[in-house]
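Colleague: predicted model, plus sequence, below.
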Amino acid sequence: MENYFTENFEVQAKNSSEDALQRWRKLCWLVKNRKRRFRFTANLSKRFEAEAIRRSNQEKLRVAVLVSKAALQFIQVIMCALAGLSLSSDYIVPQEVKQAGFQICAEELGSIVEGHDVKKLKIHDGVEGIAEKLCTTITKGISTSEIDRRKQVYGVNKFTETPPKGFWFFVWEAVQDTTLMILGFCAFVSLLVGIVMEGWPKGAHDGLGIVASILLVVFVTATSDYRQSLQFRDLDKEKKKIVVQVTRNGLRQKLSIYDLLPGDIVHLSIGDQVPADGLFMSGYSLLINESSLTGESEPVNVNASNPFLLSGTKVQNGSCKMLVTTVGMRTQWGKLMATLSEGGDDETPLQVKLNGVATVIGKIGLFFAVVTFAVLVQGLFTRKLEEGTQWIWSGDEAMEMLEFFAIAVTIVVVAVPEGLPLAVTLSLAFAMKKMMNDKALVRHLAACETMGSATTICSDKTGTLTTNHMTVVKTCICGEIKEVNGSEKFGSSIPESVRKLLLESIFNNTGGDVVVNEAKKVEILGTPTETALLELGLLLGGDFQEERGKSKIVKVEPFNSTKKRMGVVLELPEGGFRAHCKGASEIALAACDKFLNSNGDVVPLDEASTKLLQDTIENFASEALRTLCLAYSDIGSGFSESVDIPFQGYTCIAIVGIKDPVRPGVKESVAVCRSAGIVVRMVTGDNLTTAKAIARECGILTDDGLAIEGPEFREKSDEELQQLIPKLQVMARSSPMDKHTLVKTLRTTFQEVVAVTGDGTNDAPALHEADIGLAMGIAGTEVAKESADVIILDDNFSTIVTVGKWGRSVYVNIQKFVQFQLTVNVVALVVNFTSACLTGNAPLTAVQLLWVNMIMDTLGALALATEPPTDDLMKRAPVGRKGNFISNVMWRNIMGQSLYQFVVIWYLQTQGKEAFRLDGPDSDLILNTLIFNSFVFCQVFNEISSREMEKVNVFDGILKNYVFVAVLSCTAIFQIIIVEFLGTFASTTPLTWQQWFVSIAFGFLGMPIAAILKMVPVGST
């Protein structure tokens, strides 16, 4: 059976093939309600539609690029031939645009950028002309006073989404259950025949009973589904919270991408997503990845000659200021996203597996239903043959036949466990909402359940294990080590020439910025490392804007985790060019052949001074400080920005030690992971000594653990990696490809379930390769977040452990529910089938079976699939990649409990009348009520026993789970109402207190039986 499910109902948690997704859908032909069953699965037709749009975009852009190149050449020829003459245009500004104060309409802007129309751009006087017509400037941006006018003329930056579904939509969806519709038809016929035979209201009781049961099932199901949809809606809102740096009202500020308008000046850097269509205004080394829009993997160079930026593309390298021109549904990205939003998430492996279980059990149930109906009908025919009345049929006998059919249909209702795959969604929705409160945003449903199986976490150091609040605490300037104490005296002993060089390096060679915010206070923008260095520059008495104005930046090579350095070339006021470099200390120092001595003079870097600087780096690193080297090189007057910045012949200005304290609680969280059987590995770009010091402080690096540098790891053969990786706990100076190799080897060679953290653009391959990609919400780039499955909103390692605990909780909760539901399935099927075969009638009527179905389906899922996690979950070994979902422990509990319940029901059927001294005309009705009541209370107490699959104590924390207590209470109260007050509709009769006691006692006795079963040892596989 396990092989059958593996072959047909196995999908990957990430990036499943279309064939696998199609295959299991085709096998699920026995479905009561297709719309409900497949609501949380991918809409493959919409995905094909989105792919077609992407292919169309690719072709359009290819043509546009070719046309723009041709147009550019043509314009250059014309401009040369007709110097002094301007290009003419027949473009007329619409009246409403003029009245709003602008000189260009949205359609014209859209055609320029989307069509890469260089000719039109020239006609409108280039980017500066477009900015002028949009009433904006590169320094001040737009004014907030004109936002409403801009929205009216140009629209908002939002794409059309499917409107939220209301409660009555889910009611309508629940009504479309095939079996419920058949039962509704049976109820209608029953009403007609009953009223004709026995008159109103007596003849309507059976039909109305079925109608009332159907309505109850529909409304309870719809309520549950509607609540789920609200939870997913809240999560979707959180996923869309993307902010960008924008200049408005002359101030640089953070703004949601959905508030952007044409005319806004957006600041983009590595890893950002381009939030709207726009034009490049200024920037350096800008490379744009357009694959999300066009499918083309080759990055595009964007500059003044090719200034077109398309919404939804990613910044792969460099930085720039962009003028927003087109927003929302006027962009190709908006149209693509409107289609993609209907495509849905891939279904999770558990959803698919449980769809398979539901299908197999449904087929068995259908067989039992057909046989039960045949046996009941055969019994009726046999009786009529014995009486010789086979050709004479009364209304009662027709009603009896209808009742047999209703029972058979209801057996299918109970037998097809539609709630199994839906319980996964319910549990995931509950867990995702709670995880949101715990600072973890789940982007893909499957990640939630996969995290419960994680065996390895590969974590970054900076910002995840540490606080990411960086400050420079030590420096080595002019060969002298200084403590940075925050006072202005710190810089007094530094020679003035060195101070100037240091400020020039800090304020020019940076991706950060120093601005005055709305409160008129100085604010530093940038990564924590940049912020720490800029704070040092301000402490030295520097002025950011003044320093930037002294020299012209010619070329910038932004920091990336492969080179581990950042470089900038300045054109000096007195002539010539100077390169500044900062980066990993040993890498930047290796490019130096000179340094500044105590007098501030440039002297050769001899063996003694090299050793002094190397020892300084090692000492800083052993104190868990992140070290950076700042250096410069005068490169003469022949530099061209088309060539790379040279990386040799530098002069070392300073080495700085940056403190980034370990987060509180990280050591305890690592210990929790270890007790849970999860191996934590640190993968960082930092110096090996720094990495080891932090890893020991966090409890990651143990005495028998191994720490290695990326370059050494890269050189290892596959055989050496197999020996090395099990002991590997720290990888320092790692590149993104080192991380990717480690993750891939762990997944494929060692069959580990790997979770990986990442924050940078270059982390995307590893995040994509991992079973669970965890992006940082604060430090993470948009590229990293889009490649991730979960976003850690507070960048805290302890939150990752919480995600693991919730993942395990989801997995175990669904196992509990499956165990409970399969027990009810087995007993209901066997009881009705054996009774029909051996006694000629079924003890449970259609109305009673519908009530039982609701207990085990919607209410059971609510009670068991929403149990909050406990600390005990992190004291057991992870399931891993090869664990069986329906374990031997579950089979033991299902078979043992089913056998007990069957014995109870069978005893009541065969010996009940004698045991309770039942006689008279109502004896059969009382006995059937007793059987029904005992059966329901068996499920109530089995629900309690199912809270723990292996522990005997099932009451621990029960009162903290309000949902469970409420469901159990409602079930018991409604059961009393059905038996005592709704007998006419439910075919029951009021019971004596002794009969009630026995019914409840039979149910309660299932709990000690379950406790004894848990002591029976079974294998783990």
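Modeller: Sure thing, it's come through. Numbering: from 1, shown residues only.
Colleague: helices or strands next to the helix or strand in which residue 398 is found in the packing?
Modeller: Per DSSP states H and E, residue 398 falls inside helix 395-415. Contact analysis of helix 395-415 by 3 or more CB pairs under 8 Å, 6 or more residues apart in numbering; DSSP states H and E lists helix 178-198, helix 205-239, helix 349-387, helix 797-839, helix 846-854 as its packing neighbours. C-beta here means a position set from N, CA and C on the backbone, and glycine is covered the same way.
Colleague: helix or strand right after the second one?
Modeller: Downstream of helix 205-239, the first helix or strand assigned by DSSP H and E is strand 243-248.
Colleague: check which residues of that following strand are buried.
Modeller: Of the residues in strand 243-248, 244-248 count as buried by neighbour count, 16 or more other CB atoms under 10 Å.
Colleague: which residues are contacting it?
Modeller: 138-144, 252-257, 260, 264-268, 272, 275, 321, 525 (CB atoms under 8 Å, 6 or more residues apart in numbering).
Colleague: CA atoms of that strand as PDB?
Modeller: Only the C-alpha atoms of strand 243-248 are listed here, as PDB (Å, rounded to 0.1, in the frame of the first residue of the first chain):
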ATOM      1  CA  VAL A 243       8.600  48.700   1.300                       C
ATOM      2  CA  VAL A 244      11.100  50.700  -0.800                       C
ATOM      3  CA  GLN A 245      13.200  53.700  -0.200                       C
ATOM      4  CA  VAL A 246      11.600  56.800  -1.900                       C
ATOM      5  CA  THR A 247      12.400  60.500  -2.100                       C
ATOM      6  CA  ARG A 248       9.200  62.500  -1.500                       C
END
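Colleague: check contacts around residue 783.
Modeller: 271-273, 314-315, 761, 764.
Colleague: gap between the two ends of stretch 383-403?
Modeller: End-to-end distance of stretch 383-403: 17 Å, with CA to CA, to the nearest Å as the criterion.
Colleague: off-centre distance for it?
Modeller: 60 Å (CA atoms, centre = their mean, to the nearest Å).
Colleague: equivalent analysis for stretch 864-877, please.
Modeller: With CA atoms, centre = their mean, you get 20 Å for stretch 864-877.
Colleague: mind listing what's buried along that stretch?
Modeller: Neighbour counts over stretch 864-877 (16+ other CB under 10 Å) mark 864-870, 873-874 as buried.
Colleague: just the ones in strands from those, please.
Modeller: Of the positions in the buried residues of stretch 864-877, not one sits in strands, assigned by DSSP state E.
Colleague: between these, which sits nearest residue 972?
Modeller: Within the buried residues of stretch 864-877, the smallest distance to residue 972 is 16.2 Å, found for residue 864 (CB to CB).
Colleague: hmm, the closest one is touching residue 946, no?
Modeller: Yes - if you go by CB atoms under 8 Å, residue 864 and residue 946 touch, sitting 6.0 Å apart.
Colleague: what sits in contact with each of these two?
Modeller: 816-817, 820.
Colleague: picking that back up, could you dump the buried residues of stretch 864-877 to TSV with pLDDT and distance to residue 693?
Modeller: Output for the buried residues of stretch 864-877, formatted as TSV (pLDDT from 0 to 100; distance: CB to CB, whole Å):
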residue	pLDDT	distance to residue 693
864	87	46
865	83	44
866	83	43
867	86	41
868	87	37
869	88	33
870	86	35
873	88	32
874	89	27
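Colleague: how about these in TSV, adding distance to residue 845?
Modeller: Formatted as TSV, those follow (distance: CB to CB, whole Å):
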residue	distance to residue 845
864	26
865	28
866	31
867	32
868	37
869	40
870	40
873	41
874	46
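Colleague: figure out the length between the terminal residues of stretch 756-774.
Modeller: Using CA to CA, the end-to-end distance of stretch 756-774 comes out at 6 Å.
Colleague: how far off centre is it?
Modeller: Distance, centroid of stretch 756-774 to centroid of chain: 13 Å (CA atoms, centre = their mean).
Colleague: got phi/psi on residue 791?
Modeller: phi -110, psi 120 (degrees, to the nearest 10).
Colleague: no, scratch that, I was asking about residue 560
Modeller: According to degrees, to the nearest 10, residue 560 has phi -140, psi 160.
Colleague: ok, residue 919 touching residue 913?
Modeller: Yes - if you go by CB under 8 Å, residue 919 and residue 913 touch, sitting 7.2 Å apart.
Colleague: compare the two (neighbour count), which wins?
Modeller: Each of residue 919 and residue 913 has its neighbours counted (other CB atoms under 10 Å); residue 913 has more, 16 against 10.
Colleague: averaged pLDDT, whatever helix or strand that one lives in. What do you get?
Modeller: For residue 913, the host element (DSSP H and E) is helix 888-915. Across helix 888-915, pLDDT averages out at 91.
Colleague: list the buried residues in it.
Modeller: With burial defined by 16+ other CB under 10 Å, the residues of helix 888-915 counted as buried are 889-890, 892-894, 896-898, 900-901, 904-906, 908-909, 912-913.
Colleague: quick one on the thing from earlier: output the helices and strands packed on helix 395-415 as TSV; include the columns distance to residue 150 and mean pLDDT.
Modeller: Below are the helices and strands packed on helix 395-415 laid out as TSV (distance: least, CB to CB, whole Å; pLDDT from 0 to 100):
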stretch	distance to residue 150	mean pLDDT
helix 178-198	52	72
helix 205-239	24	78
helix 349-387	44	80
helix 797-839	39	85
helix 846-854	54	79
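Colleague: so which of those helices is nearest residue 968?
Modeller: Closest of the helices and strands packed on helix 395-415 to residue 968 is helix 797-839, at 12.2 Å (criterion: CB to CB).
Colleague: the closest one versus helix 395-415: what angle between them?
Modeller: 150 degrees (axes from the mean of the first three to the mean of the last three CA atoms, to 10 degrees).
Colleague: wait, isn't residue 597 in contact with residue 495?
Modeller: No - assessed by CB under 8 Å, residue 597 is found out of contact with residue 495, at 9.5 Å.
Colleague: anything in contact with each of those two?
Modeller: Residues touching both residue 597 and residue 495 (CB under 8 Å, 6+ apart) are residue 478.
Colleague: report how many residues lie close to the nearest residue to residue 890 once chain neighbours are set aside.
Modeller: Spatially, and ignoring its direct neighbours in sequence, residue 890 is nearest to residue 819 (4.8 Å; CB to CB, 6 or more residues apart in numbering). By other CB under 10 Å, the residues close to residue 819 number 23.
Colleague: ok, so what distance separates residue 819 from residue 857?
Modeller: As judged by CB to CB, to the nearest Å, residue 819 and residue 857 stand 14 Å apart.
Colleague: over to residue 758?
Modeller: Taken as CB to CB, the span from residue 758 to residue 857 is 40 Å.
Colleague: likewise for residue 743?
Modeller: 40 Å.
Colleague: do the same with residue 307
Modeller: 59 Å.
Colleague: how about residue 348, nearest residue that isn't a chain neighbour?
Modeller: residue 446 (4.1 Å).
Colleague: right, and the one you found touches residue 790 too?
Modeller: No - using CB under 8 Å, residue 446 makes no contact with residue 790, being 10.7 Å away.
Colleague: give me every residue that touches residue 629.
Modeller: With CB under 8 Å, 6+ apart, residue 629 has these contacts: 582-589, 592, 617, 652, 654-655.
Colleague: tell me where the model's unsure across the stretch 851-1000 of the chain.
Modeller: 883 (pLDDT under 70).
Colleague: tell me where it has helices.
Modeller: 860-864, 888-915, 923-945, 962-981, 983-986, 993-1014 (DSSP state H, counting those that start in this stretch).
Colleague: please consider this matter closed, and thank you.
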